[in-house]
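Asker: got a sequence here, can you build the structure:
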Amino acid sequence: QEKLVESGGGLVQAGGSLRLSCAASGRTFSSYVMGWFRQAPGKEREIVAGISWSGGNTYYTDSVKGRFTISRGNAKNTVYLQMNSLKPEDTAAYYCAADRHNSLYVSQYEDAYDYWGQGTQVTVSS
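Answerer: Sure, this is the predicted structure:
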């Protein structure tokens with residue numbers, strides 16, 4: 001059974017760092033584009049970052065450029081989101097997602113993603 005499991009969320013002060021992990025199992029997620037999305041209370045879910053199967057293509061939403069880094073593990077079935085210089089506006093539930101139709105093109109739209117994790121909460125205090 002296909003499964004994405006996020007971990008690494010928590011409470012951190014502004015300016016701090018967290019590293020989110022997404023472990024994929026049950027399918028060959030290594031060939032899929034993977035993405036991190038987030039949803040804050042009262043707001044729509046938005047993409048944070050995405051990465052192609054090889055790691056050669058990445059996408060970042062403007063608000064996290066220069067602060068967040070997405071990467072894949074050596075086996076390609078694990079995806080990380082290193083978050084530095086965190087701000088209170090980064091507070092949200094963060095979700096890992098996989099796009100089984102694409103290996104290279106990183107879509108910004110959640111409708112393109114077929115598999116989703118349960119989410120992990122990130123709270124940044126001011």
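
Asker: tell me where the chain has helices.
Answerer: Along the chain, counting by DSSP state H, no stretch forms helices.

Asker: bridging residues for the spatially most central residue of it?
Answerer: Central residue of the chain (Cα atoms, centre = their mean): Trp36, 2.0 Å from the mean position. Counting by DSSP bridges, Trp36 is bridged to Ala49, Cys96.

Asker: for the closest residue to Ser85 other than its chain neighbours, the count of nearby residues, please.
Answerer: Setting aside the residues directly before and after it, Ser85 is nearest to Arg67 in space (Cβ to Cβ, 6 or more residues apart in numbering), at 4.6 Å. Every residue, glycine included, has its C-beta placed from N, CA and C. Neighbour count for Arg67, taken as other Cβ atoms under 10 Å: 15.

Asker: which strand residues bridge Tyr60?
Answerer: Ala49.

Asker: thinking again about what came up before, quick one: the residue nearest to Ser85 and Glu89 touch, right?
Answerer: No: under the criterion of Cβ atoms under 8 Å, Arg67 makes no contact with Glu89, lying 11.4 Å away.

Asker: Val124 is in contact with Gly16, correct?
Answerer: Yes: the criterion here is Cβ under 8 Å, and Gly16 meets it with Val124 at 7.5 Å.

Asker: which of these two has more neighbours?
Answerer: Neighbours per residue (other Cβ under 10 Å) separate Gly16 from Val124, with Val124 holding more: 20 against 14.

Asker: ok now do that one, which residues does it touch?
Answerer: Leu11, Val12, Gln13, Ala14, Gly16, Leu86, Lys87, Pro88, Glu89, Asp90, Thr91 (Cβ atoms under 8 Å, 6 or more residues apart in numbering).
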